[in-house]
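Enquirer: the sequence isn't on hand, but the structure is:
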């Protein structure tokens with residue numbers, strides 16, 4: 001996955017609370033065998049409403065989503081993170097998330113920022129006015145052009161993974177030398193594992 005240190009640009013002022021994974025990506029989109037194209041089905045029921053923010057030309061290509069409390073609740077489908085990433089969103093700012101969604105987001109290169117509702121309200125205002133927002137993972141801050149500055153906490157391991165673009169496969173490959181050494185020593189000590197045996 002791509003490394004992430006800062007995300008800057010327009011933010012989609014969604015703000016809805018208790019958005020579950022079925023709203024993020026409906027079940028009929030789960031039949032796909034690829035991650036590409038899931039953005040087309042993202043927030044399908046919301047986009048069916050006239051004047052929705054996801055189809056507003058002003059927010060096309062916006063890399064930040066501002067959401068409400070308990071974002072990503074519901075099922076554990078990783079497709080929800082894939083669909084959001086396919087929309088081009090790299091950071092979500094909300095008061096809270098489902099634990100499973102938050103984990104899936106990080107594993108796919110999306111930064112889930114937790115801020116209090118007062119900060120969300122202000123960021124919604126800034127986004128609605130068309131101004132850009134900056135999310136800086138290195139300094140763990142969200143800032144606006146109006147000197148608003150909000151600090152957020154993040155697990156150090158998650159931060160490391162996002163900054164270095166490390167998904168679970170990449171994390172395993174970082175230990176490739178140690179894995180190889182273990183396999184060699186194991187093969188030597190238990191050569192019967194690697195030799196064919198007649199029954």
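Expert: Right, received. Where do you want to start? What you see is a predicted model; the values in this text were computed from it and never measured. Residues are numbered from 1 along each chain as shown.

Enquirer: which SSE is immediately downstream of the helix or strand of the chain with the lowest mean pLDDT?
Expert: When the helices and strands of the chain are compared on mean pLDDT, DSSP states H and E, helix 168-173 comes out lowest with a mean of 70. Downstream of helix 168-173, the next assigned helix or strand under DSSP states H and E is helix 176-189.

Enquirer: tell me where the model's unsure across this protein.
Expert: For the chain, residues meeting the criterion pLDDT under 70 lie at 170-171, 173-174, 188, 191-199.

Enquirer: now the helices for it?
Expert: Assigned by DSSP state H, the chain shows helices spanning 21-24, 44-47, 79-86, 99-107, 117-128, 156-164, 168-173, 176-189.

Enquirer: pick the most deeply packed of those.
Expert: helix 79-86 (a mean of 24; mean count of other Cβ atoms under 10 Å). Where you see a C-beta, it was placed from the backbone N, CA and C, and this is true even at glycine.

Enquirer: ok and that one relative to helix 99-107, angle-wise?
Expert: For helix 79-86 against helix 99-107, the angle between stretch directions is 40 degrees (axes from the mean of the first three to the mean of the last three Cα atoms, to 10 degrees).

Enquirer: so which elements touch helix 79-86?
Expert: Here helix 79-86 touches helix 21-24, helix 99-107, going by 3 or more Cβ pairs under 8 Å, 6 or more residues apart in numbering; DSSP states H and E.

Enquirer: check what contacts the longest one and list those residues.
Expert: Contacts of helix 99-107 with the rest of the structure, by Cβ atoms under 8 Å, 6 or more residues apart in numbering, involve 21, 71-73, 76, 78, 80-81, 84, 92, 97, 111-112, 158, 161-162, 167-168.

Enquirer: re earlier: how about the helices of the chain in CSV, adding distance to residue 31?
Expert: Listed next are the helices of the chain as CSV, based on distance: least, Cβ to Cβ, whole Å:
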stretch, distance to residue 31
helix 21-24, 15
helix 44-47, 14
helix 79-86, 10
helix 99-107, 19
helix 117-128, 34
helix 156-164, 29
helix 168-173, 24
helix 176-189, 34
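
Enquirer: and of those helices, who's closest to residue 148?
Expert: Nearest of the helices of the chain to residue 148, taken as Cβ to Cβ: helix 117-128 at 5.9 Å.

Enquirer: what sits up against the closest one?
Expert: 10-13, 15, 64, 66, 68-69, 93-95, 115, 133, 142, 144-146, 148, 150.

Enquirer: that older thread, would CSV of the helices and strands packed on helix 79-86 with distance to residue 154 be doable?
Expert: CSV is the format used below for those (distance: least, Cβ to Cβ, whole Å):
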stretch, distance to residue 154
helix 21-24, 21
helix 99-107, 9
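
Enquirer: rewinding a little: pull out the buried members of the contacts of helix 117-128.
Expert: Among the contacts of helix 117-128, those buried by neighbour count (16 or more other Cβ atoms under 10 Å) are 10-13, 15, 64, 66, 68-69, 93-95, 115, 133, 142, 144, 150.
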